[in-house]
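> what would the 3D arrangement of this be:
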Amino acid sequence: MKHIIHKLYRPAALALCLCAALTFASCDDFLDMQPTNSGNAEEAVRTVRDAQVVLNGVMSAMTSYAYYGRNMFMYADAKGGDLTIYMAGRGLDDLYTFNHTPTTGTYSGFWSQIYYCILQVNTLLDNIDRLEAEGSEEDFTFARGQALTLRALFYFDLVRLYGLPYTYDKASLGVPNITRPLDVSAQPTRATVEENYRQIVADLEEAEPLLATDKSPQDGYVGYYANLALQARVKLYMADYDGALAAARTVIDDGAYTPYEPGEWVDSWSHQYGSESILELAILNDESDLGTSSLGFYLMRDGQLDGAMGWFLASDYFLDRLGQDPADVRWGVMDNDEYWVRTGQERHGSCYKYMGGTSLPGDGKDKNTAVNIKLIRLSEVYLIAAEAALHASAPDAAAAATYLNQVRRRSPGLPAATAATVSDDMIMDERSKELFAEGHRYFDILRTGRTVEYNDDFQDVPVTQRGKTVDCSFGRAVLPIPQDEINANPALADEQNEGYR
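So this is what the prediction gives:
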């Protein structure tokens, strides 16, 4: 049975049915769950179709507001200084103010939701191992590759949220590294950041040849090029520039995805599965659409639609960066924000990527908030290649400039980069402009040893939990382990992050 039949089994309702059959417990407390292979779990996955339904459920769980449906992207851009708040009390303020403790403002949904996804993947992989050992004639190759790649992504996100950057202190504590279904009595402790990254890379590299059995674009699913793009991203975070460059070059040179022309970029947000979209999460009208709690609502102008409150808007720092070229095509997804509403002064700080554009077209579905989440785009891969080429063991500034210019041409008023002018600052600025509101900025700043500066003067919001700037040395640079998780697993009690002890 060919793995491509997974195209027929997207509906989340079917995924939830099989999740129930697998007896998955509530995702509220991962470390307090019943064994995942209890009851009839071993009978739940028998075929490739069954495996794909489980993967459908995982992809659906990724669109939760507590993960990629909203909070993961908001986290990185609010903490990274590209987003700011006009006033307090509207929601997610803690991301900007760093008002976290183990019991309040923990954003514990990151921990529980991501480990819930890991739970599903581990159970699936365990079932595949058992079926193959029993001599099943089903070919689970591609499903295994998808599951391993997703697990790598989940651990990559967890270690970025709860562990210090690999390039800053890889011996520091990361997150519990769990690759098999747990017994109910298990009390896993935190691995080091280095151990987490070792597992992430091992999963990605094991999955790569499994996914190479079908290199075609996998709309809404993990495929071969999503794996390679994620390898490039992970290895960049590890400062493995040669590895990052090799993976990025394969994605670019194979040509399965092609860059948008500058005039196509704005409209790309109103379409699903475009030529640059390597991994995209489907947001469905009546199943995963968050409506007034969606990314689109959190980033749009106050009062533009009923329920829109202008929660977050672009900082002056980001607008100055984008304003280096008034003709930059990326202004096309920006529009007037709350400051304009209240003062009448033009300020295009509202982002409309997740409404399909400033006219709120959505991306082809009945509801304009049901816009797919573009998780990995080709433009990011070009930017990874540029940075990696600049720092490779055999640095190639000319190649770095060439890769950067594939994205920089969206700013027609700026001169093209050359081997003489390309720099880390230029690449970082381009990453900010291209990947705005896509969940990268804070992690980029920390991994490169830079300092975040916050736009606190723009609004009247008291901030006492951090200073005007933050870097890796700040005790609250990462999230606290939620107290509920420590209560469920006392082995974590002595492993709380330093800034919250």
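> which residues touch stretch 235-254?
For stretch 235-254, the external contacting residues (C-beta atoms under 8 Å, 6 or more residues apart in numbering) are 156, 160, 165-167, 197, 201, 215, 225, 228-229, 231-233, 257, 278, 378, 381-382, 384-385, 387-389, 391-393, 403, 443, 447. Where C-beta positions appear, they are placed from N, C-alpha and C, glycine not excepted.
> inside helices: which ones of those?
Using DSSP state H, 156, 160, 166-167, 197, 201, 225, 228-229, 231-233, 378, 381-382, 384-385, 387-389, 391, 403, 443, 447 are the members of the contacts of stretch 235-254 that sit in helices.
> tell me where the stretch 351-500 of the chain has strands.
Taking DSSP state E, counting those that start in this stretch as the criterion, the stretch 351-500 of the chain carries its strands at 373-377, 452-453, 469-470.
> pLDDT (mean, whole number) over the last one?
Translated: strand 469-470. Averaging pLDDT along strand 469-470 yields 97.
> got the contact list for residue 185?
Counted by C-beta under 8 Å, 6+ apart, residue 185 has zero contacts.
> can I get stretch 461-481 in CSV? Just the C-alpha atoms.
Output of stretch 461-481 as CSV, limited to C-alpha atoms (Å, rounded to 0.1, in the frame of the first residue of the first chain):
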residue,chain,number,x,y,z
VAL,A,461,2.9,50.1,29.9
PRO,A,462,4.9,49.6,33.1
VAL,A,463,7.5,46.8,32.7
THR,A,464,9.2,45.8,35.9
GLN,A,465,10.1,42.1,35.2
ARG,A,466,12.9,43.0,32.8
GLY,A,467,15.0,45.9,31.7
LYS,A,468,15.0,47.8,28.5
THR,A,469,17.3,45.1,27.0
VAL,A,470,17.6,41.4,27.4
ASP,A,471,20.3,38.9,26.4
CYS,A,472,21.1,35.2,27.2
SER,A,473,22.4,36.1,30.6
PHE,A,474,19.0,37.3,31.8
GLY,A,475,17.6,34.7,34.2
ARG,A,476,14.2,34.8,32.6
ALA,A,477,15.4,34.5,29.0
VAL,A,478,13.7,31.1,29.0
LEU,A,479,10.4,30.0,30.4
PRO,A,480,9.9,28.4,33.8
ILE,A,481,9.0,24.7,34.1
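> what's next to it, contact-wise?
So stretch 461-481 is contacted by 79, 85-88, 93, 96-102, 106-107, 110-111, 161-165, 168-169, 445-446, 449-454, 456, 492, 495-500 (C-beta under 8 Å, 6+ apart).
> show me which positions of that stretch end up buried.
By 16 or more other C-beta atoms under 10 Å, the buried positions in stretch 461-481 come out as 463, 466, 470, 472, 474, 476, 477, 478, 479, 480, 481.
> centre of the chain to it, how far?
21 Å (C-alpha atoms, centre = their mean, to the nearest Å).
> ok so, going back, and the contacts of stretch 235-254, which are buried?
Buried subset of the contacts of stretch 235-254 (neighbour count, 16+ other C-beta under 10 Å): 156, 160, 165-167, 197, 201, 225, 228-229, 231-233, 257, 278, 378, 381-382, 384-385, 387-389, 391-392, 403, 443, 447.
> thinking again about what came up before, now, the buried residues of stretch 461-481 that are in helices?
Among the buried residues of stretch 461-481, no residue falls in helices (DSSP H).
> reformat those as JSON lines; add distance to residue 128.
Listed next are the buried residues of stretch 461-481 as JSON lines, based on distance: C-beta to C-beta, whole Å:
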{"residue": "463", "distance to residue 128": "48"}
{"residue": "466", "distance to residue 128": "45"}
{"residue": "470", "distance to residue 128": "43"}
{"residue": "472", "distance to residue 128": "39"}
{"residue": "474", "distance to residue 128": "42"}
{"residue": "476", "distance to residue 128": "40"}
{"residue": "477", "distance to residue 128": "38"}
{"residue": "478", "distance to residue 128": "33"}
{"residue": "479", "distance to residue 128": "32"}
{"residue": "480", "distance to residue 128": "35"}
{"residue": "481", "distance to residue 128": "31"}
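> and which of those is nearest to residue 373?
Among the buried residues of stretch 461-481, residue 479 lies closest to residue 373 (C-beta to C-beta), at 21.1 Å.
> phi first, then psi, for that closest one.
Dihedral pair for residue 479: phi -80, psi 160, per degrees, to the nearest 10.
> report pLDDT for it.
So residue 479 comes in at 98 (pLDDT).
> roughly how far apart are it and residue 462?
Taking C-beta to C-beta, to the nearest Å as the measure, residue 479 falls 22 Å from residue 462.
> do the same with residue 404
Counting by C-beta to C-beta, the gap from residue 404 to residue 462 is 40 Å.
> likewise residue 297?
According to C-beta to C-beta, residue 297 stands 25 Å off from residue 462.
> pLDDT below threshold where in the protein?
Counting by pLDDT under 70, the chain contains low-confidence residues at 1-43, 460.
> check the offset of stretch 322-336 from the chain's centre.
The mean C-alpha position of stretch 322-336 is separated from the chain mean by 24 Å, C-alpha atoms, centre = their mean.
> got it, and stretch 333-351?
A distance of 27 Å separates the centroid of the chain from that of stretch 333-351, by C-alpha atoms, centre = their mean.
> coming back round to it: now the buried members of the contacts of stretch 461-481.
For the contacts of stretch 461-481, a burial check counting by 16+ other C-beta under 10 Å picks out 79, 85-86, 88, 93, 96-100, 102, 106-107, 110-111, 161-165, 168, 445-446, 450, 452, 454, 456, 492, 496-497, 499-500.
> give the contact list for the nearest residue to residue 72 once chain neighbours are set aside.
Of all residues not flanking residue 72 in the chain, residue 439 sits nearest, at 5.3 Å (C-beta to C-beta, 6 or more residues apart in numbering). Shown in contact with residue 439 (C-beta under 8 Å, 6+ apart): 68, 72, 73, 74, 75, 76, 77.
> is the nearest residue to the last one once chain neighbours are set aside in a bridge, and if so with what?
Nearest residue to residue 77, sequence neighbours excluded (C-beta to C-beta, 6+ apart): residue 83, at 4.4 Å. In this entry, residue 83 is beta-bridged to residue 314, by DSSP bridges.
> tell me the phi and psi of residue 361?
Residue 361 adopts backbone torsions of phi -80, psi -10, taken as degrees, to the nearest 10.
> I'd like to know which elements the lengthiest helix in the chain is packed against.
For the chain, the helix that runs over the most residues, judged by DSSP H, is helix 108-133. Helices and strands touching helix 108-133, by 3 or more C-beta pairs under 8 Å, 6 or more residues apart in numbering; DSSP states H and E, are helix 41-44, helix 48-61, helix 71-79, helix 141-162, helix 483-488.
> quick one: closest of the ones you listed to residue 180.
When the helices and strands packed on helix 108-133 are compared by C-beta to C-beta, helix 141-162 sits nearest residue 180, at 11.3 Å.
> report the inter-axis angle for that closest one versus strand 373-377.
Interaxial angle, helix 141-162 versus strand 373-377 (axes from the mean of the first three to the mean of the last three C-alpha atoms, to 10 degrees): 100 degrees.
> all numbers from here: first residue = 335
With 335 as the first residue, the last one maps to helix 475-496.
> if we can go back for a sec, doesn't residue 766 make contact with the residue nearest to residue 411?
No. If you go by C-beta atoms under 8 Å, residue 417 and residue 766 don't touch, sitting 11.2 Å apart.
> from residue 525, how far out is the residue nearest to residue 814 when sequence neighbours are not counted?
Once flanking residues are discounted, residue 814 sits nearest to residue 834: 3.9 Å by C-beta to C-beta, 6+ apart. Distance of residue 834 to residue 525, given as C-beta to C-beta: 19 Å.
> kind regards, and thank you for your time.
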